[in-house]
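Student: Sharing a model prediction with you, sequence too.
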Amino acid sequence: MRSLFAILFATLLLGTASAVLAKHRADVKVQINHETPHKGIKIKFVDLIEDSRCPTDTTCVWAGNAKISVQLSKNGKKKILEMNSGISPKTVHFEGYDITLTKLTPAPASNIRIRKDGYVATFSFTKRP
């Protein structure tokens, strides 16, 4: 009986924590060479530094990585950082937020050449406690 209670309590606790985290997380999409304000922070997708992600129509030993450069600014404070899709750092800290690169589109394919101006990065903003 104790183990059943412990399982129910843990499930309730985890569900509540997930709901709280989801409530405080917001996503924003930014096209390369564009800037978008979010939560009082301006985020600019400055450049695609590298894209070695595995093409979607092939099988790879390693998923690969895309590295981008972003500029974050708020109230005159600016920071230029590099973020990765597959390795650290995926998340940066700026002005009370954890900002994570969650997605980079389009995904590469072996038979398609992606124009650099077609990239869009998706970032999640999570308020730090």
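Tutor: Yep, it's here. Numbering: from 1, shown residues only.

Student: Which strand or helix spans the most centrally placed residue in the chain?
Tutor: Nearest to the geometric centre of the chain sits L101, at 1.8 Å (Cα atoms, centre = their mean). Element membership for L101 (DSSP states H and E) is strand 97-105.

Student: what packs against that strand?
Tutor: Contacts defined by 3 or more Cβ pairs under 8 Å, 6 or more residues apart in numbering; DSSP states H and E place strand 97-105 against strand 41-51, strand 66-74, strand 91-94, strand 120-127. In short, each C-beta sits where N, CA and C put it, glycine included.

Student: Can you dump the C-alpha atoms of it in CSV for me?
Tutor: Provided in CSV are the C-alpha atoms of strand 97-105 (Å, rounded to 0.1, in the frame of the first residue of the first chain):
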residue,chain,number,x,y,z
TYR,A,97,16.1,33.7,-18.8
ASP,A,98,17.4,30.4,-20.0
ILE,A,99,17.3,30.6,-23.8
THR,A,100,17.5,27.3,-25.6
LEU,A,101,17.9,26.5,-29.3
THR,A,102,15.2,23.9,-29.7
LYS,A,103,15.0,23.5,-33.4
LEU,A,104,16.6,24.6,-36.6
THR,A,105,14.8,24.3,-39.9
